[in-house]
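Colleague: model the structure of this input:
(2 chains)
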Amino acid sequence: MTKPVLSVEALSALSARNGTYVLSDVSLTLQPGEVRGLVGESGAGKSTIAKAVLGILPSTIRIAGGWIRFEGDDLLTARPSVLRNLLGRDITLIPQDPQTALNPARRIGAQLTDGLRLKLGMNAASARARAFQLMDEVQIRDPARVFDSFPHQLSGGMRQRILIAQAFAPNPKLVIADEPTTALDVTVQKEILRLVRRMQEAHGTAVIFVTHDLGVVAKICDSVTLLYSGHVIEQGATADLIERPRHAYTRALIAAGPRYDRPGQGLQPVPERVFADLRKEIGQRETADV
Amino acid sequence: MTASDFLSRLLAALLTLFGVGVVIFCLLRVVPGDPIAMMISPSATPADITALRAHYGLDRSIFEQFVIWIGDVAQGDFGRSISLKRPVVELVGERLPASLELVFAALIFGVVSGGLIAVAGTLSRKTPVEPLLDLINGLFLAVPDFIWALALVLLFGVLWPVFPLSGRMDPSVSTDFATPFYLIESMIRLNLAVMLDILGHMAMPVLALGLPLASIIARTLKEALNEAMVQDYVLLGRLKGMSEMRLVLGEALRNAVGPTLSLTGVQFTFMIGGTVIVERIFSFPGIGSMAIDAVINRDLPLIQGIILAFGTLFIAINIIVDALSNRLNPRQTHG
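Modeller: Okay, here's the model as predicted:
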């Protein structure tokens, strides 16, 4: 078996405000080139995991225990100089909202090349050449115009393509995609999903795909980790999890999704009984921990 | 700015100035106080007074007086000062440059020091330095310019007399200047002794006018910078390996500076108003201290001329601020 790119081990995190667990005993392992869906409703802890890996947790959240190992080295205890080398080069981010993730006052070209220059030490000319190559990879048709544009002159989908190009620019080993399609039109969403998948395959990059949408997971993820209230409920290969869900919550979630093959049938919310059982189970897990 | 934009702004500016002229002209003639009463000797007879009134045209209706005045102004004749017996244009032309040097020096001081404090505060956020800076800045924010002036007189004029107390320069310094902009001229001529003497005289009034501006810029800019620093593009910049300094100056500043720029424009016009008192305290021979004398003497033409000069200045500042904020916003320049 190959060495995992990322292994999160027994990670727990506390809210500094009220002392409740936002993550408890979360473990997951990511092999090189694997696309992992991190799924859960708001507050399930999926973004917290992503932020913890990137070292950008807000001051209101404190790590209470566990390890985040990147190729064997723990990120939580790594020296700042080591982290600076890893983050932005081996681990990069595709942010959620392409509106706020590009600096409105700077041209696309400058924003696309400054990472290449700062992290990879390229000179201006080779960074520019690489930027054009990347824009070609993410299928931007008139790269010369886009290179000299300001963000407000591009569509949301176009901006997200730039951000994907930026994330894959340093040939990272792990890309964290934080709901990159949530802020986009449905028609654009599909293209962006395909693009992330294609870029990931071309670069052999492992991806953590944070989403609340099981439909997205089914389309592009090799494996899934389903979270609820900071706990891992179920994880495994996507096909297994969707076809043979073991946990009642998973089953209910799958049933709650829209069925385009049966348009007459309305949406089925997750039954209250499932939540009650889930909360009981989590309560038992937390008392067992103590 | 296109040519038609420029024309419409010019037209609007002229209309505004006309409005200012109407208001100040009528106001001065409605409020109590009589320029003739200020100039006559106790022995003057009622006939003398009537003659003087007729001489200055004050016996005519306000409307008639206004038409005559505005007609002259349109031809560049702002009348003669009643108390100083010299053309208003000449007087304003002598005094305005001194005030302009003063307020622009105070503006530069306020923008530079306010900007530095804002950047320092942003760089030190979440450290104990930040609340300390905020506290000091809050105290500075509460002190108006004339209180600064009095405090500075006590501090650097009396307790530790390092700066001269009054005037624009030492009387012993040569005065053969080709322009009324003494500071700029001495800089261009590299006349260091004169330049330092003028700067020394300007130090306290510049501080008094500039400190309130500095503290309000520091507060506004720091708030905007802190807001920009939590945006995703700053987070990505950090991941791309930018230093905190570069994140503040290169990424956040251009997006944060807009509100501060508009505010600086407004505050700058207040500051020009502030020269009236601050120049008085330091006996600085600018247009502000002349304005007080003109009001005391009910010198109607001079007051009108000074007010129109102030009005032109305010309008010019507003146009410059608008042009600058358009420049800074790529949505305006690259539609």
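
Colleague: going forward, measure contacts between C-alpha atoms and count neighbours the same way
Modeller: Will do.

Colleague: how about the helices in the stretch 101-250 of chain B?
Modeller: For the stretch 101-250 of chain B, the helices defined by DSSP state H, counting those that start in this stretch occupy B:129-141, B:145-152, B:182-188, B:192-229, B:232-239, B:244-246.

Colleague: who in chain B is up against chain A?
Modeller: Within chain B, the positions near chain A by CA under 8 Å from any CA of the partner chain are B:231-234, B:236-237, B:239-242, B:251, B:254-255, B:328-331, B:334-335.

Colleague: how about 10 Å then?
Modeller: Residues of chain B found near chain A (CA under 10 Å from any CA of the partner chain) are B:126, B:228, B:231-242, B:250-255, B:328-331, B:334-335.

Colleague: drop anything exposed from these.
Modeller: B:228, B:231-242, B:250-255, B:328, B:330 (16 or more other CA atoms under 10 Å in any protein chain shown).

Colleague: picking that back up, I'd like the helices of the stretch 101-250 of chain B as CSV, with mean pLDDT appended.
Modeller: Formatted as CSV, these follow (pLDDT from 0 to 100):
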stretch, mean pLDDT
helix B:129-141, 93
helix B:145-152, 94
helix B:182-188, 91
helix B:192-229, 95
helix B:232-239, 92
helix B:244-246, 93
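
Colleague: could I get these as TSV with distance to residue A:205?
Modeller: Formatted as TSV, the helices of the stretch 101-250 of chain B follow (distance: least, CA to CA, whole Å):
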stretch	distance to residue A:205
helix B:129-141	41
helix B:145-152	61
helix B:182-188	61
helix B:192-229	29
helix B:232-239	18
helix B:244-246	29
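
Colleague: low-confidence ranges in chain B?
Modeller: B:1, B:175, B:335 (pLDDT under 70).

Colleague: and stretch B:64-75, what's buried?
Modeller: B:65, B:66, B:69, B:70.

Colleague: so where's chain A shaky on pLDDT?
Modeller: Within chain A, the stretches with pLDDT under 70 are A:1, A:258-267, A:288-290.

Colleague: contact partners for whichever residue of the stretch 51-200 of chain B sits closest to chain A?
Modeller: Using CA to the nearest CA, the closest approach of the stretch 51-200 of chain B to chain A is made by residue B:126 at 9.9 Å. Going by CA atoms under 10 Å, 6 or more residues apart in numbering or on different chains, residue B:126 touches residue A:59.

Colleague: then the one 10 residues further on?
Modeller: Residues in contact with residue B:136, defined by CA under 10 Å, 6+ apart, are residue B:215.

Colleague: now it: how far from residue A:140?
Modeller: 51 Å (CA to CA, to the nearest Å).

Colleague: residue A:214 too?
Modeller: Counting by CA to CA, the gap from residue A:214 to residue A:140 is 28 Å.

Colleague: and what of residue A:257?
Modeller: Distance from residue A:257 to residue A:140, by CA to CA: 33 Å.

Colleague: what separation do you get for residue A:215 and residue B:181?
Modeller: Following CA to CA, the distance that separates residue A:215 from residue B:181 is 73 Å.

Colleague: I figured residue B:215 hits residue B:138, correct?
Modeller: Yes. With contact defined as CA atoms under 10 Å, residue B:215 reaches residue B:138; the gap is 7.6 Å.

Colleague: the two - which one has more neighbours?
Modeller: Shown here are residue B:215 and residue B:138; by other CA atoms under 10 Å in any protein chain shown, residue B:215 has more neighbours (27 against 15).

Colleague: from chain A, how far out is that one?
Modeller: Residue B:215 is 26 Å from chain A, where distance means CA to the nearest CA, to the nearest Å.

Colleague: what's near enough to touch that residue?
Modeller: Residue B:215 is in contact with B:110-111, B:113-115, B:117-118, B:134, B:136-143, B:221, counting by CA under 10 Å, 6+ apart.

Colleague: what do you get for residue A:87?
Modeller: Counting by CA under 10 Å, 6+ apart, residue A:87 makes contact with A:53, A:54, A:55, A:75, A:93, A:119, A:172, A:174, B:238, B:239, B:240, B:241.

Colleague: now do the same contact list for the second one.
Modeller: For residue A:54, the residues meeting the contact criterion (CA under 10 Å, 6+ apart) are A:48, A:75, A:76, A:83, A:86, A:87, A:88, A:91, A:92, A:93, A:176, B:239.

Colleague: can I get those residues in TSV including secondary structure?
Modeller: Formatted as TSV, the contacts of residue A:54 follow (DSSP: H, G, I helix; E, B strand; the rest coil):
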residue	secondary structure
A:48	helix
A:75	coil
A:76	coil
A:83	helix
A:86	helix
A:87	strand
A:88	coil
A:91	strand
A:92	strand
A:93	strand
A:176	strand
B:239	helix
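
Colleague: columns distance to residue B:85 on top of the residues you listed, output as JSON lines?
Modeller: As requested, these are exported to JSON lines (distance: CA to CA, whole Å):
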{"residue": "A:48", "distance to residue B:85": "78"}
{"residue": "A:75", "distance to residue B:85": "82"}
{"residue": "A:76", "distance to residue B:85": "81"}
{"residue": "A:83", "distance to residue B:85": "76"}
{"residue": "A:86", "distance to residue B:85": "78"}
{"residue": "A:87", "distance to residue B:85": "75"}
{"residue": "A:88", "distance to residue B:85": "74"}
{"residue": "A:91", "distance to residue B:85": "79"}
{"residue": "A:92", "distance to residue B:85": "76"}
{"residue": "A:93", "distance to residue B:85": "75"}
{"residue": "A:176", "distance to residue B:85": "79"}
{"residue": "B:239", "distance to residue B:85": "70"}
